[in-house]
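Trainee: below is the sequence, then the predicted model.
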Amino acid sequence: MTADPIALVLAGGLGTRMAPSHPGMPKPLVEVGGVSLLELAFRRLIAAGVADVRVAVRHGAADVAAHAEELASLGSVRLEILAEDEPLGTIGAAWELRGEHRTVLALNGDLLSGIDLAAFLARHRERRADLSIATHDEHRRLKLGEVLVGPDDRVIDYLEKPVKTYRISSGTYLLEPSVLALLERREWLGFPTLAQRAIRAGLHVLEDFHAEPWLDVNDADDLALARDMLARDPAAFGVALDRIRGR
């Protein structure tokens with residue numbers, strides 16, 4: 001597909017884990033250094049030249065929609081709010097875009113991410129992917145010792161609290177109409193289920209690995225880390241230095 005893409009910002013989550021520090025606040029409206037997570041998403045889209053943005057809302061829908069309308073003025077953005085009268089999961093809102101016959105750039109509206117969206121789109125189209133999934137590595141130290149066992153129950157190594165590396169989805173995707181056609185009805189749909197449908201259908205499903213700064217902001221500790229990341233390099237997230245509070 002060569003037409004301009006549509007962005008689908010998924011901003012309907014309840015944000016349960018953030019509730020203790022931000023009771024009643026929709027997670028996309030939580031601020032990092034004075035900048036909302038939703039604004040960070042909009043700034044990345046505008047920097048990538050994406051001018052058609054749909055925002056899926058549910059929890060705190062009126063507040064999130066009002067903030068999105070303010071953010072649309074940051075660039076020449078055509079904005080449409082997709083209100084979910086019932087939960088649609090992490091990708092169910094894409095049902096509303098099936099008739100557009102355009103590439104959809106879907107991203108979670110509550111992430112701190114430095115992914116270059118324009119480069120992501122260019123690679124997706126160059127490789128003629130049906131579905132591209134942005135990925136990165138996460139490193140986790142186990143709390144227990146790992147026993148490595150070979151044939152005949154022979155212990156071949158014993159690792160004390162090893163660090164494991166996992167390839168993780170970055171909550172940012174590019175979907176072609178061939179993928180949207182797999183949405184069978186307006187339903188609750190998690191993105192992993194849609195990815196599995198695409199794989200089983202034999203579509204061209206590719207990862208797009210990156211090493212950019214990225215953080216899923218879920219609680220007060222994550223928020224503190226996000227503030228530090230943004231203060232160190234605001235340009236990586238599309239924000240001018242003078243916009244950051246608490247530097």
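Mentor: Arrived safely.
Trainee: which pLDDT value goes with the residue sitting furthest away from the middle of the chain?
Mentor: Most distant from the centre of the chain: Asp152, at 44.5 Å, with distances by Cα atoms, centre = their mean. For Asp152, the pLDDT comes out at 96.
Trainee: distance of it from Tyr158?
Mentor: As defined by Cβ to Cβ, to the nearest Å, Asp152 lies at a distance of 17 Å from Tyr158. Placement of C-beta: from N, CA and C, glycine included.
Trainee: one more: Glu31?
Mentor: 46 Å.
Trainee: neighbour count: these two, which is higher?
Mentor: Neighbour count, other Cβ atoms under 10 Å: between Glu31 and Tyr158, Glu31 has more, with 18 against 10.
Trainee: how many neighbouring residues does the closest residue to that one other than its chain neighbours have?
Mentor: Spatial nearest neighbour of Glu31, chain neighbours left out: Leu37 (7.7 Å); criterion: Cβ to Cβ, 6 or more residues apart in numbering. Counted by other Cβ under 10 Å, the residues lying close to Leu37 total 25.
Trainee: check Ala56 too.
Mentor: 25.
Trainee: same check, this time on Ala231
Mentor: 15.
Trainee: pretty sure it sits against Val35.
Mentor: No. The criterion here is Cβ atoms under 8 Å, and Ala231 misses it with Val35 at 10.9 Å.
Trainee: follow-up on the earlier one: hmm, the residue nearest to Glu31 is touching Gly13, no?
Mentor: No. Taking contacts as Cβ under 8 Å, Leu37 lies outside contact range of Gly13: 10.7 Å.
Trainee: give me the common contacts of those two.
Mentor: Common neighbours of Leu37 and Gly13 (criterion: Cβ atoms under 8 Å, 6 or more residues apart in numbering): Lys27, Pro28, Asp110.
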